[in-house]
Each structure stands twice: as structure tokens, then as C-alpha cells.
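A.B. asks: next comes the sequence, and after it the predicted model I'd like to discuss.
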Amino acid sequence: MQKPDNIFASPMNKVSDFRFDEQVADVFPDMIQRSVPGYQTILHTIGDLAKTYVTPDSHVFDLGCSLGAASLAVARNSQHTTCKIIGVDNSPAMLERCERITSSFHLPNPIELRCESATDTVIQNASMVIMNFTLQFIAPEEREALLTSIFNGLNPGGILILSEKIKHPSEQGNRLLIDLHHQFKRNNGYSELEVSQKRAALENVMLTDTFETHESRLKNVGFADVVMWFKCYNFCSLVAVKSANR
């Protein structure tokens, strides 16, 4: 049975920075469903993209794989070919549960799990790389180097799927999107206290960019095209395409 997320339900004297620890890992499925609009649509589309873009004998990297939902979406939709799916996360608590979940399925392309930072992962022979709400937790000064590593490790014609919480360029527009997202959380049963305390916990660890910043950075490292295929409030998902000629 899925455990309910009530981590921020009681008043805290001091709200600590958000961490993907045992407490979060225990309630993560409930937390992300109630906090991220369109999450299931994003997972479903990752599977659809895998059908087209995963190529024979290539690698698929899921950077910041958490409990393996995106890796499983690829595994279930890449039965047409043999590939190696590699899930990467730097949280032992998340990976331990991920191992339990993914090993319970009989998959034609098994998922290999690695406990390491995305910035330390060597990307090679990749037809697809996934960063599903991961880049926003990477230090801003390290983001371009990580994307360069991903671009260099992608095979020609390969793709990066990048899902992120973003900010609007104008203060007024950003406030509107934040208010809508907070209402989304209230509609999913979170109290005002929970909304407020979780926002405080994330303030120093989840640093968001505008879409324009993402697009510019991705093109700077070499991607031929950047397609925003999903957006709801201040959440979006992009596909960055590497030219087939590179």
C-alpha cells in the first residue's frame, strides 16, 4: 500500500533543507503524484519516445532515477530491441527501494542501478538520456558541463528528455504560476502548512531556470533542436535532439 506524504504536516521549529532521505523515499510515489502536475503523462510519453529512439545495443541513462519509474517506462517500451538501461541516483535510500521495485518485474532489458551523482556519470553509446526533474537539483554552475557530457555521450540522432520545474521571466507571471501550483497541491489534499513548509525546505536546494535559459544552454552545448512537448503551470518537459550528422 502506498504510504501517504505527511512529512510537512506538523509545525516545525526549523525547516531543514529538502533531502532525498529514508523519510522521503518512503512516501515518494504519493508525494510526486500530488505535487507534480502531469507526472503520469510525462512517464507515458517517455515510454512512447523509447519506442522510437532507443536503438539496438545502445545505452539509456536515467539520471536521478529515484524509484525507477522512468527506467521502467523505457524497459516496458523497448522490447523491440536489446539495450542497456542504467539508473543513476546519489541517494542510497531511493536506490534501495528502486532495486526492490525494479527487480520485481521480469524485464527483457534489465535495469542496472548505480549510486553516484549525475555529474560523475560517464555517458557513452547513449540513444536516450533522461533527466526527470533532476537538473533543478544540480548546482547551477555545474549544469552546462553536465549537459555537455550528455551531448558528447549521445549517439547521432539521440535525445535528452529533460523535465523541470521552471520560472516565468516576469515576476507577475511567475507569481501566477506559483499560485496555480499551490492550488494544485491544495486540491490534492495538502494543507497551507504543508505547502508553506515544503516550499521553505526546497528554497535552497531546487534552483529553477526559465525555459529560455534551458533552451539557450541546450543549444549552446550542441543540440540541434529543443522541443517543449509538455507544460502545465510551472512544470515542463523538453526533448533535446542531437543531429543525426554528428
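C.D. replies: Everything's here; your move. Residues are numbered from 1 along each chain as shown.

A.B. asks: where are the low-confidence patches of this structure?
C.D. replies: For the chain, residues meeting the criterion pLDDT under 70 lie at 1, 246.

A.B. asks: what is the neighbour count of the closest residue to residue 153 other than its chain neighbours?
C.D. replies: Setting aside the residues directly before and after it, residue 153 is nearest to residue 123 in space (CB to CB, 6 or more residues apart in numbering), at 2.7 Å. Where C-beta positions appear, they are placed from N, C-alpha and C, glycine not excepted. Residues within reach of residue 123, counting by other CB atoms under 10 Å, total 22.

A.B. asks: and residue 123, what element?
C.D. replies: For residue 123, there is no host helix or strand (DSSP states H and E).

A.B. asks: for it, phi and psi?
C.D. replies: Note on residue 123: its backbone torsions stand at phi -90, psi 130 [degrees, to the nearest 10].

A.B. asks: residue 148 is in contact with that one, correct?
C.D. replies: No. At 10.0 Å, residue 123 does not count as touching residue 148 under the criterion of CB atoms under 8 Å.

A.B. asks: returning to that earlier point: OK, contacts around the residue nearest to residue 153?
C.D. replies: Counting by CB atoms under 8 Å, 6 or more residues apart in numbering, residue 123 makes contact with 59, 61, 129, 149, 150, 152, 153, 154.

A.B. asks: buried ones only from the residues you listed, please, as a ChimeraX command.
C.D. replies: In ChimeraX syntax, the buried subset of these is picked out as below (16 or more other CB atoms under 10 Å):
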select :59,61,129,149,150,153,154
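
A.B. asks: could I get the contacts of residue 123 as TSV with distance to residue 96 and secondary structure?
C.D. replies: Formatted as TSV, the contacts of residue 123 follow (distance: CB to CB, whole Å; DSSP: H, G, I helix; E, B strand; the rest coil):
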residue	distance to residue 96	secondary structure
59	23	strand
61	20	strand
129	23	strand
149	26	helix
150	26	helix
152	31	helix
153	27	helix
154	29	strand
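
A.B. asks: could you dump the contacts of residue 123 to a markdown table with distance to residue 50?
C.D. replies: Listed next are those as a markdown table, based on distance: CB to CB, whole Å:
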| residue | distance to residue 50 |
| --- | --- |
| 59 | 13 |
| 61 | 12 |
| 129 | 12 |
| 149 | 21 |
| 150 | 17 |
| 152 | 21 |
| 153 | 17 |
| 154 | 14 |
